[in-house]
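*Asks:* Next input, structure requested:
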Amino acid sequence: MGKKVKKEVEPPPKDVFDPLLIESKTAATVVLMLSSPEEEVLAKACDGLYKFASKGDENKVTLLGLGAVEHLYKLILHENPTVRRNAIMTFGIMASNHDVKKLLRELNVTNSLISQLAPEEDVVIHEFATLCLAHMAVEYTTKVQIFEQGGLEPLIRLLGSPDPDVKKNSVECIYLLVQDFQSCAAVRALNVIPPLLELLKSEYPVIQLLALKTLEVISKDRETRIILGENEGLDCLLKILETNEFSDLHVEALAVLGNCLEDVHTLQLIQQTGGLKKLLACVGVSTVPDIQKNAAKAITKAAYDSENRKILNEEEVEKCLISLLEVDNDEVKVAASRAISAMCENLASKRVFGLQGISQLVQLLSSDNEEVKEAAVTALVYLTADSPSNASAVSEAEGIEPLVNTLSAQRDGAIANAATVLTNLAVQEPFRINIQSRGIMSALAEPLRSTNSQVQSKAAFAVAVFGCDADATTELRNAGGLGPLVKLLHSKNEGVRRNACLAVTVCASDELTAVELCRLGALDILEEINLSTGHKNKVSEAALEKLLDNNLPQKYSQMGYLSSSNIITDGFYDCGQIKPGVKLLSLEELSMQELTDRRAIIFINAKPREEACSTNILYSFVDFGLFIIKRKDFPYLSPTIMHIVFYVRKGKGKKEEEKMKEVTQIVSKVQDEINLENSHWLPPPDFILLDYINDASRTILPLTTTREQVVALAQFVADKMGGPIGRDKLHDFSWELHISEIEFELKCNVVPIGKVKKGTFCHRALLFKVIADRIGIGCSLVRGEYNRAWNEVKLVDDSPQGIAGLLLPPQEFIVDLMFEPGLLIKQGSAKADQYK
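*Replies:* Predicted coordinates:
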């Protein structure tokens, strides 16, 4: 036998490293292994880091600090599927950390992750790539990146994945993306509705919930709602509501339905299929506040359309909403109140709520929750608008007191709406009186100080509504409300400014209030407003005129006109025409000025200052006191005056001299009281004017017709002011010198009209107006140019023509006081123009 040949074993190549098993117990070492060129090492290193990161957030932060994210980013596109899968798994688990997400955005990883959503990729890669994208899609910038890089389409495709985790991550990512309007519009075109509806059949509640939340967002778009209806989405939603096992999904399902109910077609469809009744029944039996709240919100959205309101009224939605007002949950009460506000646009619903819901809403005004209070009072605004019956229901429910109290609420909306409800009620006089008796004007003082324009506007309007008598304006004045009201005239908001002007117009009807408004600067502000073409309006003009009606010197100086209703009283003065915005000095201030060569100020004061009490004056005073006592008004007499009254009555049997001696001391006390009351500055008395008035009363008043009285008064005035002056002699009538002599004599620019014996147009017209006002002849006073002025009267023609017995309307005449005193010149005639 031959010899066996021994086979020699060849040694391994010198450049090949024998396999080496390495066990590492530090994350830093494993992170270093991510730089290895060996695929097996990379795969195992990524797997190890995944397990390490899964143990907690601290480990993720550790890996971030070791630079693991940058290494992993390079591996998510590795050609080896295992390495790629393990790297993406680690990425997905680490992306939940905020700092990791920040770095991922900087690395711009979204494009790489989206590329891993291809159909041929491993399901695990799909799971963790979508997980990573879902974590990152919380940030707005990442939303935009995913949209722009085409991430929506693969995400929607993965909604049909057989793996539930992929479905969950994908739908969550889509839900986050559609928060941005671009993605919201894009998903409709990508046909997202069918796969989302399919997810509602999932056995996993979290997937169903995310699908419903996504539907809620995208169904705010009308086109999307149409597609939802076409895909039988409404039936799917109603089935969820009917199924008790899905009670944890009812809130979200209602939210989606709420969006769908905005469309008339959709609501009609639900009504026709009986779905609306089921929906309302579901709400009626539910005790879950979120379901009740969302149902009310759904009704609110639907009620914005008039056709929808009709449908809801047919299904008696009012009963459902009224029952929700009594639920022991503030959010439900708020939602129900808002739904009632929306439904009040339907008159039938408004009547139903008026019969059944007002008492519940009134009760909510006393809630400790300010939002509940605001929602309830808002509903009452809509209920009481143009509805006397509902306003009566509010009063019957004892709602006036809580409404007044709501004016001091913390929320601006509640305050503004409370003011509106109260003004709605004030249309009926008994309610207005009732509201005034509850201190409404005092309660409005604080809202007038608000910085909210809506509150300011409503409060000012309420002042205009309730400030229609002296007691109300006095209450507002005492509460310090006039100052804030005047400040509102400066508002840049047109509505606030307009209502403030309206309130000033009403309040200025009271003389004391008008004086206070002027003191606070209302007159100056209104003048400024009326000089502005942008701010001026009829209300601001009316407010200015009303204030001027209680400040006739300012009115005549500024506007050059006093109507027949503007009665000139003692203290009036004419200082000539002044420009708007120029401050008019008081008569006292003018009287304190040194004598100048400027135009004289003519003043009126026909009330003499009494220096002593004569017997006749005293007895007249006593007779007046006795008259007051008979009327039981004696509490208003001072103690000293009461003493005189009873003393004189007791001493009626004594001689006149004895009585006068005995009452001398008491009379001096009366004089002291008079002096104390008149301690403020008064203009000197004009006894001549007083005589004019007495003479006119005696000679002119007895005349039978107004025409005769006007003619006689014109002749009387002309006679006192230098008589008739021929037109050709007018330049020789030296009235200026005469006035200057009076000023020099008085050492003052202020001249009583009785001193003027040579008066021109402006003096005669003023005297005519003064006496006419005292004896009851209606006339106006108009200022012209170059010291011209004239009076206008309205007279009925004594010889009516045409049909027998027909009284023609009164005609307006200018009274000639200068050339032919007593001549009545028809207004509008050529002669009238010449006189002016």
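*Asks:* Every contact and neighbour count from this point should use C-alpha atoms.
*Replies:* Fine.
*Asks:* what about stretch 135-149, average pLDDT?
*Replies:* Taken as a whole, stretch 135-149 carries a mean pLDDT of 93.
*Asks:* ditto for stretch 560-568
*Replies:* For stretch 560-568, the per-residue pLDDT averages 94.
*Asks:* Give me the residues contacting that stretch.
*Replies:* 549, 552, 555-556, 577, 769-770, 773, 778-784 (C-alpha atoms under 8 Å, 6 or more residues apart in numbering).
*Asks:* The longest strand seen in the chain pairs with which strands?
*Replies:* The longest strand of the chain (DSSP state E) is strand 789-795. When sheet partners are counted by DSSP bridges, strand 789-795 sits next to strand 780-783 (antiparallel), strand 811-815 (antiparallel).
*Asks:* In TSV: these, plus mean neighbour count and distance to residue 337.
*Replies:* Putting the strands paired with strand 789-795 into TSV (neighbours: other C-alpha atoms under 10 Å; distance: least, C-alpha to C-alpha, whole Å) gives the following:
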stretch	mean neighbour count	distance to residue 337
strand 780-783	23	56
strand 811-815	20	59
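*Asks:* how about a markdown table for these, with distance to residue 382 and mean pLDDT added?
*Replies:* Putting the strands paired with strand 789-795 into a markdown table (distance: least, C-alpha to C-alpha, whole Å; pLDDT from 0 to 100) gives the following:
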| stretch | distance to residue 382 | mean pLDDT |
| --- | --- | --- |
| strand 780-783 | 47 | 97 |
| strand 811-815 | 49 | 94 |
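*Asks:* Serialize the ones you listed to JSON lines and add fields for distance to residue 451.
*Replies:* Shown next, in JSON lines, are those (distance: least, C-alpha to C-alpha, whole Å):
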{"stretch": "strand 780-783", "distance to residue 451": "43"}
{"stretch": "strand 811-815", "distance to residue 451": "50"}
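*Asks:* what comes up buried for stretch 760-776?
*Replies:* Buried positions in stretch 760-776, judged by neighbour count with 16 or more other C-alpha atoms under 10 Å: 760-775.
*Asks:* Please apply the same query to stretch 57-72.
*Replies:* For stretch 57-72, by 16+ other C-alpha under 10 Å, it's 59, 60, 61, 63, 64, 66, 68, 69, 71, 72.
*Asks:* How about stretch 43-59?
*Replies:* Residues 43, 44, 45, 46, 47, 48, 49, 50, 52, 53, 59 are the ones in stretch 43-59 that count as buried (16+ other C-alpha under 10 Å).
*Asks:* Out of the residues you listed, which is nearest to residue 715?
*Replies:* Ranked by distance to residue 715 (C-alpha to C-alpha), the buried residues of stretch 43-59 are led by residue 59 at 112.1 Å.
*Asks:* who touches that closest one in this structure?
*Replies:* So residue 59 contacts 52, 53 (C-alpha under 8 Å, 6+ apart).
*Asks:* what mean pLDDT does the host helix or strand of it have?
*Replies:* Per DSSP states H and E, residue 59 falls inside helix 57-65. Taken as a whole, helix 57-65 has an average pLDDT of 89.
*Asks:* May I ask which two of the contacts of stretch 560-568 are separated the most?
*Replies:* 577 and 778 (23.4 Å).
*Asks:* higher neighbour count, those two?
*Replies:* residue 778 (21 against 17; other C-alpha atoms under 10 Å).
*Asks:* Pretty sure the more buried one sits in a helix.
*Replies:* No - under DSSP: H, G, I helix; E, B strand; the rest coil, residue 778 sits outside any helix and is assigned coil.
*Asks:* For residue 400, see how far away the closest residue to it other than its chain neighbours is.
*Replies:* Closest residue in space to residue 778, ignoring its immediate chain neighbours: residue 564 at 5.1 Å, by C-alpha to C-alpha, 6 or more residues apart in numbering. Residue 564 sits 41 Å away from residue 400, going by C-alpha to C-alpha, to the nearest Å.
*Asks:* okay, the two: which has more neighbours?
*Replies:* Taking neighbours as other C-alpha under 10 Å, residue 564 and residue 400 compare with residue 400 leading, 23 against 20.
*Asks:* worst-scoring helix or strand of this protein, pLDDT-wise?
*Replies:* Least confident helix or strand, the chain: helix 615-630 with a mean of 41, by mean pLDDT, DSSP states H and E.
*Asks:* Got the domain ranges for this protein?
*Replies:* According to the TED database, the chain is divided into the following domains: 441-550, 587-607+685-835, 610-678.
*Asks:* Would you reformat those domains as a markdown table and include distance to residue 360?
*Replies:* Output for these, formatted as a markdown table (distance: least, C-alpha to C-alpha, whole Å):
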| stretch | distance to residue 360 |
| --- | --- |
| domain 441-550 | 24 |
| domain 587-607+685-835 | 57 |
| domain 610-678 | 48 |
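*Asks:* how about low-confidence regions in this protein?
*Replies:* 1-25, 580-581, 608-680, 798-807 (pLDDT under 70).
*Asks:* in it, which spans are strands?
*Replies:* Counting by DSSP E, the strands of the chain are 561-562, 573-574, 601-603, 750-752, 780-783, 789-795, 811-815, 824-826.
*Asks:* Distance to residue 178 for the ones you listed - can I get that in JSON lines?
*Replies:* Listed next are these as JSON lines, based on distance: least, C-alpha to C-alpha, whole Å:
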{"stretch": "strand 561-562", "distance to residue 178": "69"}
{"stretch": "strand 573-574", "distance to residue 178": "75"}
{"stretch": "strand 601-603", "distance to residue 178": "79"}
{"stretch": "strand 750-752", "distance to residue 178": "81"}
{"stretch": "strand 780-783", "distance to residue 178": "73"}
{"stretch": "strand 789-795", "distance to residue 178": "76"}
{"stretch": "strand 811-815", "distance to residue 178": "76"}
{"stretch": "strand 824-826", "distance to residue 178": "80"}
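*Asks:* closest to residue 594 out of those?
*Replies:* strand 750-752 (10.3 Å).
*Asks:* what helices or strands is the closest one leaning on?
*Replies:* strand 601-603, helix 735-746 (3 or more C-alpha pairs under 8 Å, 6 or more residues apart in numbering; DSSP states H and E).
*Asks:* Check what contacts the last one and list those residues.
*Replies:* Spelled out, that is helix 735-746. So helix 735-746 is contacted by 595, 597, 600, 749, 750, 751, 755, 756, 757, 758, 759, 760 (C-alpha under 8 Å, 6+ apart).
*Asks:* which of those are buried?
*Replies:* For the contacts of helix 735-746, buried by 16+ other C-alpha under 10 Å: 595, 600, 749, 750, 751, 755, 756, 757, 758, 759, 760.
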